[in-house]
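>>> how would this look folded up:
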Amino acid sequence: MLTKLIERPNCLLNQRNRYQLLTTLLINLICITHGINIGWFSPTMRKMQTPESPLSFPASVTEVSWIGSALGCGAMVGNALIGLILPYVGSRFCLLFVALPQTCLWFLVYFAESVEYLYVGRFLAGISSGGMYIVHSMFLSEISDAKIRGTLGAMVMLSVNIGILLGYIMGTHISFNITPFIVLIFPLSYFIFTLFFIRESPVHLIRKGKLSAAEKSFRYYKNIQDTSQASVISEFEEMRKKLTEDEKLLHNVTIKDFFSRSAFKAYAPAAVLLIVNQFSGLFAMVSYMSDIFDMSGSTMDPDTCTIIIGIVQILGTYATTLLCDISGRRILLVASSGGVAVSLTGFGFFTYFATWYDLKEWSWVPLVLMSLCIFMGNIGLVGCFFMVLVELFPLKIRARATSIAVVICGSFVFIMLNILPLCMALWGLPATMWSCAAITTCGFIYFALFLKETKGKSMLED
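A predicted model of the protein is given here:
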């Protein structure tokens, strides 16, 4: 029974898929580092606004908003930089590069004497995360089989959420100056593993005319030892032929290609996906989760609630890895956006009535509602985001369009991280939650009525 299960084409432990899984696990070490950065700053920034600030002076709401949003500003730079150089230098070089800015952050944290150190550090970490999301999405789509591509892509966000949970725990229980020494283990290990164990993708090597190296890379990621298998030779030749035929077209991309019929079909769902992914508040709320619970009217410890939310995030993205290649992307996005809209609306009502009535006996409600919001958000809007974004665009403009889309996403990250704490301070928590719920509801309607399924789509076709 177990043997039959492993032999299934969509099983990650299938002989053909094992190296793809191992590669995904190794490169996701930098995703864990990125997650720690996000999670650690949530309880840390709440402490910064008190007399017990680790910087020896309390930070203002404006300073905290700029520390948070510096990540989004850096992400825009990282998106543009990696999107620009990726077609020329390949995925492996970009994978190595993204370790460097992330490493610099933790040195700056250790030596921080003012908020300016954290502005720079978070900006550099943003360059790393912005580049990471582009190169990981493209690299995994190029080395993975269609039947497991969704699962491997979802593991990126699963790794980020594991890092967020670790960051919540470190920010709550470990000293400000000790944390950097622990976290640095991850980017340094990632750099070493990538340098010695990760090979360039066969797609990039074919485009560079290195056919012998491309075939070796193809066999490596498919874990194929027998060089005489006719089916394998046929599969590689089909890939080579398709990419070779399209190579001149890919290098001669013009502005007209962005106005083709297939391109226009991708723009609307991509735009809605980008807007709902960020303006639902899911990412920004994770960064300010301790502050949100502190303002919610609940008497439960904000840092404990934040750690529980970190666990819920992992469960949500793990569910995505199990479901995205079975149920498909569309149904997950519909369920996800609907669940987030309902739970944020409920959270807003609780915090509204908590200002007028004594709801101490109901202190568990904000945790339940936010847990539902984060779980539902991670099974679709977060877990499926990057894989769907890559799958939407036609082959000829896929790399450039994805890069542009992620740059736009980075700008949305910057805006949300900057304005969310200000909105909570000026509008109040209820109005802020209801605003995010309204945007997510619009996304739910669009996904339910207009979004087409991309599950199983070949990366060599439009």
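
>>> what about the closest residue to residue 118 other than its chain neighbours, which SS state?
The shortest distance from residue 118 to any non-neighbouring residue, by Cβ to Cβ, 6 or more residues apart in numbering, is to residue 67 (5.0 Å). For glycine as for every other residue, the C-beta is placed from the backbone atoms N, C-alpha and C. Following DSSP: H, G, I helix; E, B strand; the rest coil, we place residue 67 in the helix state.

>>> hey, where'd the helices end up in the stretch 101-250 of the chain?
115-143, 146-173, 179-183, 185-197, 202-207, 211-222, 230-251 (DSSP state H, counting those that start in this stretch).

>>> so where is the stretch 251-400 of the chain shaky, pLDDT-wise?
Low-confidence segments of the stretch 251-400 of the chain (pLDDT under 70): 251-252.

>>> name the residues of stretch 72-88 that are buried.
Residues of stretch 72-88 classed as buried by neighbour count (16 or more other Cβ atoms under 10 Å): 72-83, 86-87.

>>> gap between the residue lying closest to residue 127 once chain neighbours are set aside and residue 109?
Nearest residue to residue 127 in three dimensions, chain neighbours excluded: residue 78, at 3.8 Å (Cβ to Cβ, 6+ apart). To residue 109, residue 78 is 19 Å away according to Cβ to Cβ, to the nearest Å.

>>> for residue 94, same thing?
Relative to residue 109, and taking Cβ to Cβ, residue 94 is found at 25 Å.

>>> can you check residue 334 too?
Residue 334 sits 40 Å away from residue 109, going by Cβ to Cβ.

>>> what about the two, which has more around it?
residue 109 (23 against 19; other Cβ atoms under 10 Å).

>>> residues contacting the residue nearest to residue 114 when sequence neighbours are not counted?
Take residue 114 and drop its neighbours on the chain: the residue closest to it by Cβ to Cβ, 6+ apart is residue 55, 6.9 Å away. Counting by Cβ atoms under 8 Å, 6 or more residues apart in numbering, residue 55 makes contact with 48, 112-115.

>>> what about residue 399, neighbour count?
When neighbours are counted by other Cβ under 10 Å, residue 399 registers 18.

>>> secondary structure added to the buried residues of stretch 72-88, as CSV?
Formatted as CSV, those follow (three-state DSSP):
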residue, secondary structure
72, helix
73, helix
74, helix
75, helix
76, helix
77, helix
78, helix
79, helix
80, helix
81, helix
82, helix
83, helix
86, helix
87, helix
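
>>> now those as a markdown table including pLDDT and distance to residue 13?
Below are these laid out as a markdown table (pLDDT from 0 to 100; distance: Cβ to Cβ, whole Å):
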| residue | pLDDT | distance to residue 13 |
| --- | --- | --- |
| 72 | 85 | 38 |
| 73 | 89 | 41 |
| 74 | 91 | 37 |
| 75 | 88 | 34 |
| 76 | 87 | 38 |
| 77 | 91 | 39 |
| 78 | 90 | 33 |
| 79 | 84 | 34 |
| 80 | 86 | 38 |
| 81 | 90 | 36 |
| 82 | 88 | 31 |
| 83 | 81 | 34 |
| 86 | 88 | 30 |
| 87 | 83 | 33 |
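
>>> columns distance to residue 413 on top of the residues you listed, output as a markdown table?
Formatted as a markdown table, the buried residues of stretch 72-88 follow (distance: Cβ to Cβ, whole Å):
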| residue | distance to residue 413 |
| --- | --- |
| 72 | 3 |
| 73 | 9 |
| 74 | 10 |
| 75 | 6 |
| 76 | 8 |
| 77 | 12 |
| 78 | 11 |
| 79 | 10 |
| 80 | 14 |
| 81 | 16 |
| 82 | 15 |
| 83 | 16 |
| 86 | 20 |
| 87 | 24 |
